[in-house]
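Student: need the 3D shape of this:
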Amino acid sequence: MIHLDPEQQAARDWFESLRDRICAAFEAIEREIGSDAAFDYAPWDREPAGGGGGVRGLMKGRVFEKVGVNVSTVGGAFEPQFAASIHGAAENPAFFATGISLVAHMANPHAPAVHMNCRFLTTTKRWFGGGADLNPAIAYEDDTAAFHARMQAACDAHDPAYYPRFKQWADEYFYIPHRKVHRGVGGIFFDHLEHDFADDFAFVRDVGEAFLDIFPRIVRGRMATPATEADRDAMLAFRGRYVEFNLVHDRGTLFGLKTGGNIDAILMSLPPTATWA
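Tutor: Sure, this is the predicted structure:
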């Protein structure tokens, strides 16, 4: 069993409480159209024993074709080669990580897919990272504007420099170089936030609350939009690009695989169906 210090415990507790509220909000949307879909929770333990673990939450419904909301708290030591690439781990490979990770793929092509992640890591340094980004197959300018406005409000409450910096970081990170396209319409992405713990934790909480506020509203606005076969074909092709990014470029996928995470939880980000030309 991992011993958590007060900061680590506070971060873990809040990530798990955010998971509970997000899952309840998503299930409530399913109920609005008469669906009884609910999250299935699968606990997992990291090997070797005592290395922590997590809970994979997965729901397949009529609005959310597939949505995963995972929480994990793990610790141990990085392999030497991987440690060299991690902030503060080159001199000491010991690490601790706790976080929440969410990916939703929607049944209606007009409702956007989404990704959200918040995490707290400890090596010889300790920091927060995370963000949220919108991934529509069929983009609507008002949805994009609303999502960005809500993320900007969360950022501006803490530092007016955060939003332009973290938006640019998202634009650069969520880019598929071999396709020369962005994965979606962006959002915010941040890492190595290591100022005052209380201030940084407050910001991360505001990002989580912003996501919980805006994304259900966007879903409710699009989940009943009539869709054609051409719309679904566009969504399946878009999902193919999403798969390519997550398997080839995503640092979170690599981190999970390199630290002995649960394979099903790591790959829950992949859509249930996708197409390639």
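Student: how about the contacts made by the spatially closest residue to Leu18 that is not a sequence neighbour?
Tutor: Computed as CB to CB, 6 or more residues apart in numbering, the closest residue to Leu18 that is not its neighbour in sequence is Gly208, at 4.8 Å. C-betas here are computed from N, CA, C, even on glycine. When contacts are counted by CB atoms under 8 Å, 6 or more residues apart in numbering, Gly208 touches Trp14, Leu18, Ile100, Met116, Cys118.
Student: and what of Pro43?
Tutor: Taking CB under 8 Å, 6+ apart as the criterion, Pro43 is in contact with Gly53, Gly54, Val55.
Student: look up which residues are beta-bridged to it.
Tutor: On the basis of DSSP bridges, Pro43 is bridged to Val55.
Student: same question for Ala132.
Tutor: Met116, Ile188.
Student: neighbours around it, how many?
Tutor: Per other CB atoms under 10 Å, the neighbour tally for Ala132 reads 25.
Student: could you do the one 10 residues further on as well?
Tutor: For Asp142, the count of nearby residues is 9 (other CB under 10 Å).
Student: and it, what element?
Tutor: helix 141-156 (DSSP states H and E).
Student: tell me the average confidence for that helix?
Tutor: Helix 141-156 shows a mean pLDDT of 98.
Student: and that helix, what other elements does it pack with?
Tutor: Of the remaining helices and strands, those touching helix 141-156 by 3 or more CB pairs under 8 Å, 6 or more residues apart in numbering; DSSP states H and E are strand 126-135, helix 162-173, strand 186-193, helix 197-222.
Student: not counting stretch 214-231 itself, show me its contacts.
Tutor: Residues contacting stretch 214-231 (CB under 8 Å, 6+ apart): 25-26, 29, 32-33, 63, 104, 106-112, 114, 116, 132, 134, 137-138, 140, 143, 146-147, 150-151.
Student: mind redoing it with 6 Å?
Tutor: Contact with stretch 214-231 is made by Ala25, Ile29, Val63, Asn108, Pro109, His110, Ala111, Val114, Asp143, Phe147, Arg150, as judged by CB atoms under 6 Å, 6 or more residues apart in numbering.
Student: do the same with stretch 248-262
Tutor: Trp44, Arg46, Glu47, Phe82, Asn246, Ile266.
Student: mind redoing it with 7 Å?
Tutor: By CB atoms under 7 Å, 6 or more residues apart in numbering, the residues outside stretch 248-262 that reach it are 44, 46-47, 51, 54, 56, 72, 74, 79, 82, 101, 117, 176, 246-247, 266.
Student: what is the lowest-pLDDT residue among those?
Tutor: Glu47 (79).
Student: tell me the contacts of that one?
Tutor: Applying CB under 7 Å, 6+ apart, we find Glu47 in contact with Gly260.
Student: let me know the secondary structure of it.
Tutor: Assigned state for Glu47: coil (three-state reduction, DSSP: H, G, I helix; E, B strand; the rest coil).
Student: again with Phe120
Tutor: At Phe120 the chain is in strand, as set by three-state DSSP.
Student: that one: how many residues sit nearby?
Tutor: 26.
Student: from Asp233, how far off is it?
Tutor: 40 Å (CB to CB, to the nearest Å).
Student: cool, Asn135 as well?
Tutor: Between Asn135 and Asp233 the computed distance is 17 Å (CB to CB).
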